[in-house]
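Novice: after the sequence you'll find the predicted model.
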Amino acid sequence: QVQLVESGGGLVQTGGSLRLSCAASGGTFSTYAMGWFRQAPGKEREFVSTITRGGSTTYYSDSVKGRFTISRDNAKNTVYLQMNNLKPEDTAVYYCASRPSIGIRTTTREYDYWGQGTQVTVSS
């Protein structure tokens with residue numbers, strides 16, 4: 001059983017930055033691909049970014065490409081999401097998720113374990 005705990009959310013002005021962290025426990029972190037998703041009020045949970053097990057490959061949604069950067073530190077069992085040039089439409093609860101397989105996947109059903117989420121609010 002893998003436990004995921006997100007942190008780093010908060011309130012920021014348009015154009016600001018935040019760095020989210022997701023600490024994993026209960027599994028072998030380096031064997032899991034990791035992803036970030038977000039869910040705004042009244043909307044479906046949507047894919048944001050993913051990173052492969054070794055960190056060599058990353059993938060982003062078009063809405064965040066060029067502004068967000070995903071990374072991981074397998075020695076610390078942690079995945080990060082650096083968010084720059086934030087916009088009001090980035091306001092959402094952000095979730096990290098894991099799946100024990102290779103390749104790039106962008107749908108929620110392909111991820112096995114989820115954190116509780118961290119709120120990101122971008123004011124205009």
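Specialist: Sure thing, it's come through.
Novice: can you pull out the strands in this protein?
Specialist: Secondary structure of the chain, counting by DSSP state E: strands at 3-7, 10-13, 18-25, 33-39, 46-51, 58-60, 68-73, 78-83, 92-99, 113-114, 118-123.
Novice: which strands or helices does the third one pack on?
Specialist: Read that as strand 18-25. strand 3-7, strand 33-39, strand 78-83, strand 92-99, strand 118-123 (3 or more Cβ pairs under 8 Å, 6 or more residues apart in numbering; DSSP states H and E). Using the backbone N, CA and C atoms, a C-beta is placed for each residue, glycine as well.
Novice: to residue 109, which of these lies closest?
Specialist: Among the helices and strands packed on strand 18-25, the nearest to residue 109 by Cβ to Cβ is strand 92-99 (10.0 Å).
Novice: ok, residues contacting the closest one?
Specialist: When contacts are defined by Cβ atoms under 8 Å, 6 or more residues apart in numbering, strand 92-99 is touched by residues 2, 4, 6, 9, 20, 22, 24, 27, 32-40, 43, 45, 48, 79, 81, 105, 108, 110-120.
Novice: mind checking which of those residues are buried?
Specialist: 2, 4, 6, 9, 20, 22, 24, 27, 32-38, 45, 48, 79, 81, 105, 108, 110-111, 113-115, 117-118, 120 (16 or more other Cβ atoms under 10 Å).
Novice: now the most centrally placed residue in the chain, nearest residue through space, not along the chain?
Specialist: Closest residue to the average C-alpha location of the chain: residue 36 at 2.3 Å, with Cα atoms, centre = their mean. The shortest distance from residue 36 to any non-neighbouring residue, by Cβ to Cβ, 6 or more residues apart in numbering, is to residue 48 (4.3 Å).
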